[in-house]
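>>> Quick check, what structure comes out for this input:
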Amino acid sequence: MTHLTLLHLDPRSRDAATDLRDANRMHQRIMGMYPDTLTSGDAARHSLGILHRVERTPQSTTVLVQSAMAADPTTLPDRYATTQQRNLTPLLDWLADGRTIRYRIDGSPTRSVRDGTRDDRGRLNRGKPAPLHGKDAIDWWERKARTAGLELHETLDIPQEPATGYRATGPIRHTLTRFEGTAVVTNHHALRTAITDGIGRGLAYGAGLLSIAPHRG
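Predicted coordinates for the structure are as follows:
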């Protein structure tokens, strides 16, 4: 089963404001809504299928959290957020090739830039990821969408605030671009996997959650 939890953050909450400024703190806050026995180890987020996206408007901020297990919002600090929960499984079961959908995703488009160094076998190292912008970012999303079983019809690209923060290994920074529009499903099995697994880099820090809805136009 796939669950969606909406956290409508209280603008008066200092905890929420602090989490919004630090992507790693937000990641830890979200992981705290699941049992400790299931959220230890590097593969915890992936094993529970936890993805999230921050959506801001001039009036409010909402964090969408998707997971294979229902979240427990009672673990959040007092007056942190009001919450709603939905079961996404009926929507995923509705998917079929040829259906038209609306989509939204905050992606972290990158490419590897090699620095000329080699590994111990003499092969060129892959290099560090460099963020993509503009047409390069759109091209990245078009490639990812095809792999995810989508034929894009309309695409808007909207730069978002980067996901930044700190963890034990050093600073975090993921450049985010929101892609939204309409598409036709070409492979509903691949699309379902992309929705539940996420797309691209930065999955722990607010990137890669692909949201869909039937297109009524």
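
>>> Please compute how far the longest helix seen in the chain lies from its chain's middle.
If you go by DSSP state H, the chain has its longest helix at helix 134-147. Mean-position distance between helix 134-147 and its chain equals 16 Å (CA atoms, centre = their mean, to the nearest Å).

>>> strands paired with the next helix or strand after it, and their directions?
For helix 134-147, the succeeding helix or strand toward the C-terminus, using DSSP states H and E, is strand 150-159. Sheet pairing for strand 150-159, assigned by DSSP bridges, gives strand 177-185 (antiparallel).

>>> Restricting to C-alpha, output the partner strand in CSV.
C-alpha atoms of strand 177-185 as CSV (Å, rounded to 0.1, in the frame of the first residue of the first chain):
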residue,chain,number,x,y,z
THR,A,177,13.6,22.5,-10.4
ARG,A,178,9.9,21.8,-10.4
PHE,A,179,8.5,20.1,-13.5
GLU,A,180,4.8,20.0,-14.0
GLY,A,181,2.4,19.5,-16.9
THR,A,182,0.6,16.7,-18.7
ALA,A,183,1.7,13.4,-20.1
VAL,A,184,0.4,10.2,-21.6
VAL,A,185,1.3,6.9,-19.9
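
>>> Figure out how far it is from the centre of its chain.
For strand 177-185, the distance to the chain centre is 14 Å (CA atoms, centre = their mean).
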